[in-house]
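Engineer: need the 3D shape of this:
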Amino acid sequence: MNGLKLAANYLRIGIMNEFQYRANLYIQILQTFIALGTGLIGLSLVFDQVDQLGGWGKADLLAVMGVFTIMGGVIRAAIQPNMERLMDEIREGTLDYALTKPADSQLLVSVREFRLWTLVDIVVGVIVLLVALSQLNWRVDAWSVLGFLSSLVMGALMTYCFWLIITSTAFWFIRVNEIANLFEGLYAAGRWPVTIYPNWLRYGLTFLVPVAFAVTVPASALTGRLTLQTWLGALALTATLFVVARMIWRTGLKNYSGASA
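Structural biologist: Below you'll find the predicted structure:
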């Protein structure tokens, strides 16, 4: 309960800070629509040449694009800002201010930053997803809805854990920003279903960088492709990544020497 209250307080402060820079809203809207337009043009060019791509039709891939945009909004709103701030504080030795607070340190460093205006991505992603479902003549199905929502949450958790693992390496290595930038480049591959890629890249985007579970699996739930085996695999990987991220974080703290050391 204290953790939820703490997160709610930081969310309120983050929203208040964002309202000081309302011009950022218009910049974010422009960036979102440029990205959406680029994606739609690419999709149109592909389907001018083929009817299906790896067994996915145009409406199916539009659903993938919607999930990709939603998850991207979640990452840029809550995960990436906190991890980037954490990297800077570890490097500069100013993490002490967070560690001395009477709260779980991992929770604290994970909820301090919130970028309100990037929620535009989530709104646009939902609209794209609804359009895709309309084109698919999608009917409400309990398994599809529950599979989608649970897969989306697990995808967000896996992405958070992956970011935390990368960020925690800053306790031992100085230059980890390049690794974070690499994730952004790999995440861009999630605009397309991972099943269309060669096996080596598909496995990498599934087990090394959880792009498949963050984007393809939730989209699969809505397009009738999600199996119970895949869902259980996502659940197992989420739990594993969380445990690993927690262990690396706690080990990293033991190696931390801050401004008060």
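
Engineer: burial of the closest residue to L99 other than its chain neighbours, as a residue count?
Structural biologist: Spatial nearest neighbour of L99, chain neighbours left out: S105 (5.4 Å); criterion: Cβ to Cβ, 6 or more residues apart in numbering. Using the backbone N, CA and C atoms, a C-beta is placed for each residue, glycine as well. Close neighbours of S105, defined as other Cβ atoms under 10 Å, add up to 15.

Engineer: need the pLDDT of S105.
Structural biologist: Looking at S105, its pLDDT is 86.

Engineer: which residues touch it?
Structural biologist: A98, L99, W249, L253 (Cβ atoms under 8 Å, 6 or more residues apart in numbering).

Engineer: ditto for Y256
Structural biologist: I90, L95, L99, F171.

Engineer: quick check: phi and psi at it.
Structural biologist: phi -80, psi 130 (degrees, to the nearest 10).

Engineer: how close does it get to I165?
Structural biologist: In this view, Y256 and I165 are 16 Å apart by Cβ to Cβ, to the nearest Å.

Engineer: separation between L186 and S168?
Structural biologist: From L186 to S168 the distance is 19 Å (Cβ to Cβ).

Engineer: can I get the CA coordinates of stretch 125-135 in PDB?
Structural biologist: Presented in PDB, the C-alpha positions along stretch 125-135 are these (Å, rounded to 0.1, in the frame of the first residue of the first chain):
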ATOM      1  CA  GLY A 125      -2.000   3.400 -30.600                       C
ATOM      2  CA  VAL A 126      -5.500   2.600 -29.200                       C
ATOM      3  CA  ILE A 127      -7.200   4.300 -32.100                       C
ATOM      4  CA  VAL A 128      -5.000   2.400 -34.700                       C
ATOM      5  CA  LEU A 129      -5.800  -0.800 -32.900                       C
ATOM      6  CA  LEU A 130      -9.500  -0.200 -32.900                       C
ATOM      7  CA  VAL A 131      -9.400   0.600 -36.700                       C
ATOM      8  CA  ALA A 132      -7.500  -2.700 -37.200                       C
ATOM      9  CA  LEU A 133     -10.000  -4.700 -35.200                       C
ATOM     10  CA  SER A 134     -12.800  -3.100 -37.200                       C
ATOM     11  CA  GLN A 135     -11.200  -4.200 -40.400                       C
END
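
Engineer: state the mean pLDDT of that stretch.
Structural biologist: Stretch 125-135 comes out at a mean pLDDT of 92.

Engineer: likewise for stretch 84-94?
Structural biologist: 86.

Engineer: ok, which stretches of this structure are helices?
Structural biologist: 2-18, 23-47, 58-74, 80-92, 96-99, 105-111, 119-135, 142-168, 177-187, 199-203, 211, 217-222, 228-254 (DSSP state H).

Engineer: show me the contacts for the residue nearest to the spatial centre of the chain.
Structural biologist: The centre of the chain sits closest to I75, judged by Cα atoms, centre = their mean, with a distance of 4.0 Å. By Cβ under 8 Å, 6+ apart, the contact set of I75 is A156, T159, W163, Y187.
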